[in-house]
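Asks: Any chance you can model this:
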Amino acid sequence: MGANVRQDAINSIANAKHQLNRVDFKKTHVKDLFGINVFNEEIQRQRLPKPVFKALQKTIKQGAPLDPSHADAVASAMKDWALEKGATHYTHLFQPMTGITAEKHDSFLSPDGVGGAIAEFSGRELIKGEPDASSFPSGGLRATFEARGYTAWDPTSPAYVMENPNGSTLVIPTAFLSWTGEALDKKTPLLRSMEALSAQAMRILKLFGNKDAVKVFTTVGAEQEYFLIDKAFYYLRPDLITTGRTLFGAMPPKGQELEDQYFGAIPERVLACMADAELELFKFGVPVKTRHNEVAPSQYEIAPLFELSNLAVDHQNLIMEVLRKTADKYGLVCLLHEKPFAGINGSGKHNNWSMATDVGENLLNPGDDPHENAQFLVFCTAVIRAVNKYAEILRLSIASAHNDHRLGANEAPPAIISIFLGDQLQDIFEQIEKGGAKSSKQGGQFITGVSVLPPLPKEAGDRNRTSPFAFTGNKFEFRAVGSSANISGANTVLNTIVAESMDVMATKLEADIKAGKSLTAAIQELLPPIVKESKRVLFNGNGYAEEWHSEAAKRGLPNHKNTVDVLPVITRKDTLELFAKYKVYSEKELQSRFNILAEAYVKTLNIEANTAIMIAKGQILPAALRYQKEVADSVSSARAAGVANPPGVDTLGTVVTGIGELTKGLAALEKASGHHGDGDPYNHAKHMREHVFPALNTLRIAADKLEAVVADDLWPLPTYREMLFIK
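Replies: Next comes the predicted model:
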């Protein structure tokens, strides 16, 4: 019965003796661990012939094509290094349109023809692989019977060795393409967008006389939020196992309202898990920097430092994988869903984005006097223009059924895309609109009133945690990305829309300078009209406030509140033209993404509906009926004993009403989810949003009411109180 199983889970948690001392940083310093399992620049320098090493570095750092004749030397060195690390197999890791990574392992061993075997790995095997592509989403790019797909080595993201209990694997990050050349993955468009942005940014840098930079990269540092709950509870929740979120669950007496979880002391078992995960990530060269408790109970965060966006995406996927694997060793389960628990904060992935040259100059660093930093103002204006002009595409880049639960709630930015600049930059851009910036607000110092505290420097403006796109010192923080998402999609869009803005601005500046204007005069003429046109997207206020929605509507800002509303943007004429112009997506590739996203939305809600029906019919309804019988028998016995109005009568009425609401909700959900699409994925997605999603919520309300009245010893599912507070 319900509480017996739950009590067994609680007892197992209370009596568990987890091995927490798996990591000993006294014996091995973190600096000695960092990157030891990566075929990085230092290893390449040691093991490759000098000409091959130089050619490979030129490819990685400047985007130069790699001579295929060098591939055999790289493959041989990579193989020998991996074998020394205990590797028995290699794999081409790629990012299909499922949103997660995929891999096929091949052994290094080949028969030698005389009864033995030799370890082989050729340049051809390094450069190109051929996994079966038939079962990955293609969105109509190819027929289902066409199975051929190719992986292509991405030299800009270093190979690494993944240690396993029985042997290790050499992991080679790759792109994934169809036989006809279309991108079947998320990495290929990201790499294309990086090249597009670099080309346009270099035009602007050349106007400023920069002769050192050869390439511009986008840099990313993505903060990852996640939940950890005990495995014993997880396995008693079919909804968590199947969908990643709780489809039922009444709010506990205490949630996050005391705000005592945020930045609080980290529980010992959780801290041990974090340290272990960090150790593994250090081995892969992932520069994780920060760990802390997040706002909701049992919610945490890990954050790395900035890296080149392509490498940051690959590392972000590694972070999610390592968190999941490591949690298991400590009897925990890592939940990466955007909203695993209703009524408390969900999880996001703050995507900190900037631009930098290959010689290390951050192009979004305002300096001490931003109003005098013309180069910064040009690049910053390009970003502002891009977000204003392409807000809907940016909103599309973070759309999913999972993220719909989070966007617009009080723990996440609204679906309205706006930019927070802070007091200092807001003032500067207001000056620019009026004709030219002549001053920058300065921060000064804090006056603490405590004699023992030293003077503290004060920033020129505060931060805004309610903005979906906020400037935070030398970067923009795109806070609307979902916690389970592959961040390549959002960064591909960011790179492309900013490339388009820089293209427009560079073209105007080049023409003006060719016509005889100075660069300063050309910039002074260029920026004010762009700022005036784009200022509607600038908002320093409270993005959570209801008033902002009406204000945003007055400004003409789009507000696509869910995935189904924003999906049509992907095949709109201006979207197709934008991505085709910069060769990031072809029209066929965008159409495929539209189909894949629509189908993913349908499948997600269909799985949730089927899971909810199964739990409601097989667990919640039987428990409620048993309790109804217990109460009815008690009332009947009391009346037989002469009690005119037994105390259980009101409870019985509440339970009977609750069961009625539950069965009615079940019938409505079964009817709604019984709808079959007419072949159009988008129409089917609309049906799921308009009928299945509300029916899911209605059923949940009925079930959660019953949880509040059914006897605890009969309730079959671990409760929020147990899952969030017992470890």
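
Asks: For the rest of this, base every contact and every neighbour count on C-alpha atoms.
Replies: OK.

Asks: which stretches of the stretch 451-600 of the chain form helices?
Replies: If DSSP state H, counting those that start in this stretch is used as the criterion, the helices of the stretch 451-600 of the chain fall at 488-514, 519-534, 546-555, 563-566, 573-581, 587-615.

Asks: okay if I get those as JSON lines plus distance to Thr246, mean pLDDT and mean neighbour count?
Replies: Formatted as JSON lines, these follow (distance: least, CA to CA, whole Å; pLDDT from 0 to 100; neighbours: other CA atoms under 10 Å):
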{"stretch": "helix 488-514", "distance to Thr246": "26", "mean pLDDT": "97", "mean neighbour count": "21"}
{"stretch": "helix 519-534", "distance to Thr246": "41", "mean pLDDT": "94", "mean neighbour count": "17"}
{"stretch": "helix 546-555", "distance to Thr246": "28", "mean pLDDT": "91", "mean neighbour count": "13"}
{"stretch": "helix 563-566", "distance to Thr246": "20", "mean pLDDT": "95", "mean neighbour count": "20"}
{"stretch": "helix 573-581", "distance to Thr246": "36", "mean pLDDT": "97", "mean neighbour count": "16"}
{"stretch": "helix 587-615", "distance to Thr246": "9", "mean pLDDT": "96", "mean neighbour count": "20"}
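
Asks: mind checking which of the ones you listed is nearest Phe136?
Replies: In terms of CA to CA, the element of these nearest to Phe136 is helix 587-615, at 10.3 Å.

Asks: Can you get me the centre-to-centre distance for the closest one and its chain?
Replies: Helix 587-615 sits 18 Å away from the centroid of its parent chain (CA atoms, centre = their mean, to the nearest Å).

Asks: which helices and strands sit right next to that helix?
Replies: helix 238-243, helix 401-404, helix 573-581, helix 648-673, helix 681-687, helix 693-707 (3 or more CA pairs under 8 Å, 6 or more residues apart in numbering; DSSP states H and E).

Asks: tilt between that helix and helix 573-581?
Replies: Comparing the axes of helix 587-615 and helix 573-581 via axes from the mean of the first three to the mean of the last three CA atoms, to 10 degrees yields an angle of 120 degrees.

Asks: and the angle for helix 587-615 with helix 648-673?
Replies: 150 degrees.

Asks: Average pLDDT for the very next helix or strand once past helix 587-615, rounded please.
Replies: Using DSSP states H and E, the helix or strand that directly follows helix 587-615 along the chain is helix 621-640. The average pLDDT within helix 621-640 is 94.

Asks: Contacts for helix 621-640, please.
Replies: Residues outside helix 621-640 that contact it (CA atoms under 8 Å, 6 or more residues apart in numbering): 2, 645-649, 651-652, 655-656, 659, 662, 706, 710-711, 714-716.

Asks: Filter these down to the buried ones, PyMOL style.
Replies: Applied in PyMOL, the following selects the buried portion of the contacts of helix 621-640 according to 16 or more other CA atoms under 10 Å:
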select buried, resi 2+648+651+652+655+656+659+662+706+710+711+714+715+716
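
Asks: in this protein, which residue is closest to the centre?
Replies: Ala485 (3.5 Å; CA atoms, centre = their mean).

Asks: Let me know the helix or strand that Leu271 is in.
Replies: Assigned by DSSP H and E, Leu271 falls in helix 268-283.

Asks: which other helices and strands contact whichever helix or strand comes after that helix?
Replies: Note on helix 268-283: by DSSP H and E, the next helix or strand toward the C-terminus is strand 288-293. Strand 288-293 makes packing contacts with helix 268-283, strand 299-304 when contacts are defined by 3+ CA pairs under 8 Å, 6+ apart.

Asks: and the angle for the longest one with strand 299-304?
Replies: Okay, so that is helix 268-283. 20 degrees.

Asks: What are the contacting residues of helix 268-283?
Replies: Against helix 268-283 from outside (CA under 8 Å, 6+ apart): 18, 20-23, 30, 33-38, 228, 287-288, 291, 318-319, 322-323, 326-327, 329-330.

Asks: are any of the residues you listed buried, and which?
Replies: By neighbour count, with 16+ other CA under 10 Å, these hold 20, 33-38, 228, 287-288, 291, 318-319, 322-323, 326-327, 330 as buried.

Asks: Among the residues you listed, which ones are in strands?
Replies: Those of the buried ones among the contacts of helix 268-283 mapping onto strands are Leu228, Val288, Arg291, per DSSP state E.

Asks: now, which of these sits nearest Pro252?
Replies: Leu228 (17.3 Å).

Asks: what separates the closest one from Phe94, distance-wise?
Replies: Separation of Leu228 from Phe94 (CA to CA, to the nearest Å): 27 Å.

Asks: Would you format the helices of the stretch 451-600 of the chain as CSV with distance to Ala152 included?
Replies: Shown next, in CSV, are these (distance: least, CA to CA, whole Å):
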stretch, distance to Ala152
helix 488-514, 17
helix 519-534, 40
helix 546-555, 44
helix 563-566, 32
helix 573-581, 22
helix 587-615, 18
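
Asks: Can you report phi and psi for the nearest residue to Ala64 once chain neighbours are set aside?
Replies: Nearest non-adjacent residue to Ala64, counting by CA to CA, 6 or more residues apart in numbering: Lys58, 5.9 Å away. Per-residue torsions, Lys58: phi -70, psi -40 (degrees, to the nearest 10).

Asks: Now do Lys58 against Leu66, distance only.
Replies: Lys58 sits 8 Å away from Leu66, going by CA to CA.

Asks: Please apply the same query to Ile241.
Replies: 44 Å.

Asks: Over to Pro304?
Replies: 30 Å.

Asks: neighbour count winner among those two?
Replies: Pro304 (20 against 16; other CA atoms under 10 Å).

Asks: which residues pair with that one across the strands?
Replies: Beta-bridge partners of Pro304, counted by DSSP bridges, are Val288.

Asks: Use 326 as the first number for this chain going forward.
Replies: Sure, I'll start counting at 326 from here, so that last one is Pro629.

Asks: Surely it and Val613 touch.
Replies: Yes - in this structure, Pro629 is within contact of Val613 by CA atoms under 8 Å, at 3.8 Å.
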